[in-house]
Structure formats: structure tokens, C-alpha cells
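1. From the sequence below, what's the structure:
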Amino acid sequence: MLTQLIENLENYQLKGNFIFKQNSKLSGICNIPNTNELAGLYLFYDDDTNELLYIGISGRTSKEGNIVFRKDGLRGRFLKGKQFGDFRRNSLPKQMVIESINSLKIKWYGTYHSECFDHPRALEVNLLQTFLKENNRLPRWNKEI
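-> Residues are numbered from 1 along each chain as shown. The predicted structure is shown next:
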């Protein structure tokens with residue numbers, strides 16, 4: 001079921017991926033468009049084992065059910081977000097060394113923008129709940145649903 005949900009993400013027109021290595025500069029290799037009105041998902045995989053390590057989003061749903069974009073969009077959330085107690089640009093290489101991960105494959109999907117209106121939080125919850133159900137745990141780098 002999780003495999004099917006992830007395969008369905010490939011139907012989004014606005015999507016991409018890139019490889020992040022321990023010595024990469026995150027902002028230099030990130031190919032997420034630099035636009036404020038873009039929300040969506042990003043998934044981190046161990047590039048060697050293809051293990052799904054993390055599911056993250058940008059964009060939340062207001063009480064009224066409307067999308068609330070981050071002021072710098074999906075790209076900004078990805079680049080400026082914190083993980084492991086520090087900004088990703090600093091923490092990802094350190095965590096990769098700790099876990100002996102050579103490279104990360106990062107896939108991103110624009111799920112809410114001018115031509116698509118799928119709220120990323122609902123997709124994220126569905127992916128995380130399905131992962132939990134199938135594996136009795138969340139992806140290693142996710143702390144909660």
C-alpha cells in the first residue's frame with residue numbers, strides 16, 4: 001500500500017529529485033522552484049539502500065480549510081528547515097556520517113500550487129500512517145505523525 005501511495009506521487013506534474021552527498025551544498029543542488037506559492041512534500045531516501053528515511057512537508061491547512069503557504073514556499077521550507085537540532089544544511093551531513101550514509105536521494109512533489117490543490121498535510125499523514133501500519137514504526141528520521 002505504501003509503495004502505491006508513493007507511486008501515486010509521481011503523477012504530480014511539478015516534481016523533481018536530486019542527490020545530496022556529505023560534502024554537497026544543499027542550496028546549490030536543490031532544484032525545488034523558488035516560488036512562494038508552492039506547497040508539497042519531500043521524501044529522503046538512503047541512496048544506497050533505498051530506505052525511506054523521512055517524509056516532510058511545506059504548507060499547512062488553516063482552520064477554514066485553506067492552504068497557508070510558507071512565506072518562501074516549499075524550497076524555503078526545505079532549505080531553512082531544522083532537523084536533528086540544527087539547520088538541514090548543517091545537520092544532514094553530520095547525521096549521514098553518524099549513520100554511514102553516503103548519499104541521500106531527495107524527491108519532492110508540488111502538491112498545491114496554481115494548477116494543483118492537494119493539501120500536503122493530508123498526504124503526509126496518509127503516508128506516515130501507512131508506513132507505521134506496515135513497519136510498526138515511523139521512518140527513522142520522523143518523530144511523530
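
2. Can you give me the distance of the closest residue to residue 112 other than its chain neighbours to residue 51?
-> For residue 112, ignoring the flanking residues on the chain, the nearest one in space by Cβ to Cβ, 6 or more residues apart in numbering is residue 39 at 4.1 Å. Every C-beta, even on glycine, is put in place using the N, C-alpha and C of the backbone. Note on residue 39: its distance to residue 51, by Cβ to Cβ, to the nearest Å, is 26 Å.

3. So those two - more neighbours on which side?
-> More neighbours sit around residue 39 than around the other of residue 39 and residue 51, counting by other Cβ atoms under 10 Å; the figures are 26 against 12.

4. quick one, what contacts that one?
-> 57-59, 67, 69-70, 73-74, 110-113, 119-120 (Cβ atoms under 8 Å, 6 or more residues apart in numbering).

5. now do residue 69
-> With contacts defined as Cβ under 8 Å, 6+ apart, residue 69 is in contact with 36, 37, 38, 39, 58, 59.

6. Confirm residue 134 sits in a helix?
-> Yes. The assignment for residue 134 by DSSP: H, G, I helix; E, B strand; the rest coil puts it in a helix.
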